[in-house]
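here is a sequence with its predicted model. Questions after.
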Amino acid sequence: MNNLQATLDSLRYGGLIVYPLLALALLALLICIDKLYVYLRYVRLPAAIVDLVETYDFSWVDLGQRLKALGPRNYFVRFFRVIMENRSKPVWWVESRAGDEAQQLEKSLGRGLWVLETIVTAAPLLGLLGTIDGMMDSFKLIGGSGLVNPAGITGGVAQALIATALGLVIAILALFAFNFFSSRQAQTVDEMERLGTRLTDHIRLDQQAQTARGESREAA
């Protein structure tokens with residue numbers, strides 16, 4: 001409790017620039033919480049479903065039942081549904097629709113990342129602005145007759161250092177968050193594309209089997 005109070009007291013010396021910096025920190029935190037919630041709740045695919053899709057001759061009915069258990073808002077379910085609902089159409093059609101859906105899902109996963117990227121740049125600049133403001137306050141205390149208020153000089157330097165440090169800390173944390181969620185987005189899209197290829201391969205097998213049965217009937 002004493003450490004927290006000391007931290008709050010230190011931030012007060014940072015000047016007015018501390019408030020927009022704290023607003024950026026809060027915004028970054030909210031975005032991170034939202035992204036974590038989405039990935040933990042809606043961007044998950046059980047290993048059993050992955051193993052099923054990797055199977056040579058899996059059942060579409062079985063796959064549909066397992067996907068139903070994940071809920072309609074799951075990102076992988078939304079992607080798979082597009083392929084399953086169009087599997088009776090030509091493969092090029094299925095691939096086109098799957099690509100469009102993957103693009104939309106990628107945009108949804110990337111929503112808000114530009115804010116984190118902006119905070120990475122803006123926070124140090126705001127900290128620098130606080131540094132300049134603090135140093136200017138310090139210089140005002142130096143008159144023509146010399147040093148007017150040594151304690152005021154110290155306070156201005158403290159303001160400058162606190163604003164700079166806070167801006168850098170916020171930027172570093174936002175950078176780590178941005179890189180992490182960007183990596184997770186890329187991994188998710190790559191997994192969708194890989195499993196989508198397995199599904200379209202299965203559609204090709206089904207269509208080839210239907211063609212072969214049709215030819216055998218004609219021959220008979």
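Okay, I see it.

now for the helix or strand hosting Y19, which elements pack on it?
Using DSSP states H and E, Y19 maps to helix 18-41. In terms of contacts (3 or more C-beta pairs under 8 Å, 6 or more residues apart in numbering; DSSP states H and E), helix 18-41 is packed against helix 2-12, helix 113-140, helix 150-219. Heads up, the C-betas are built off the backbone N, CA and C, glycines and all.

now do 7 Å
helix 113-140, helix 150-219 (3 or more C-beta pairs under 7 Å, 6 or more residues apart in numbering; DSSP states H and E).

can I get that helix in PDB, CA atoms only?
Once non-C-alpha atoms are left out, helix 18-41 reads as follows in PDB (Å, rounded to 0.1, in the frame of the first residue of the first chain):
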ATOM      1  CA  VAL A  18       0.800  12.500 -17.100                       C
ATOM      2  CA  TYR A  19      -2.900  12.500 -17.700                       C
ATOM      3  CA  PRO A  20      -2.900  11.900 -21.400                       C
ATOM      4  CA  LEU A  21      -0.200   9.300 -20.900                       C
ATOM      5  CA  LEU A  22      -2.400   7.500 -18.300                       C
ATOM      6  CA  ALA A  23      -5.300   7.700 -20.800                       C
ATOM      7  CA  LEU A  24      -3.100   6.000 -23.400                       C
ATOM      8  CA  ALA A  25      -2.100   3.300 -20.900                       C
ATOM      9  CA  LEU A  26      -5.800   2.700 -20.000                       C
ATOM     10  CA  LEU A  27      -6.700   2.500 -23.700                       C
ATOM     11  CA  ALA A  28      -3.900   0.000 -24.400                       C
ATOM     12  CA  LEU A  29      -5.000  -2.100 -21.400                       C
ATOM     13  CA  LEU A  30      -8.600  -2.200 -22.600                       C
ATOM     14  CA  ILE A  31      -7.500  -3.300 -26.000                       C
ATOM     15  CA  CYS A  32      -5.300  -6.000 -24.600                       C
ATOM     16  CA  ILE A  33      -8.200  -7.300 -22.400                       C
ATOM     17  CA  ASP A  34     -10.500  -7.400 -25.400                       C
ATOM     18  CA  LYS A  35      -8.000  -9.200 -27.500                       C
ATOM     19  CA  LEU A  36      -7.300 -11.800 -24.800                       C
ATOM     20  CA  TYR A  37     -11.000 -12.400 -24.300                       C
ATOM     21  CA  VAL A  38     -11.500 -12.900 -28.100                       C
ATOM     22  CA  TYR A  39      -8.600 -15.300 -28.400                       C
ATOM     23  CA  LEU A  40      -9.500 -17.300 -25.300                       C
ATOM     24  CA  ARG A  41     -13.200 -17.500 -26.100                       C
END
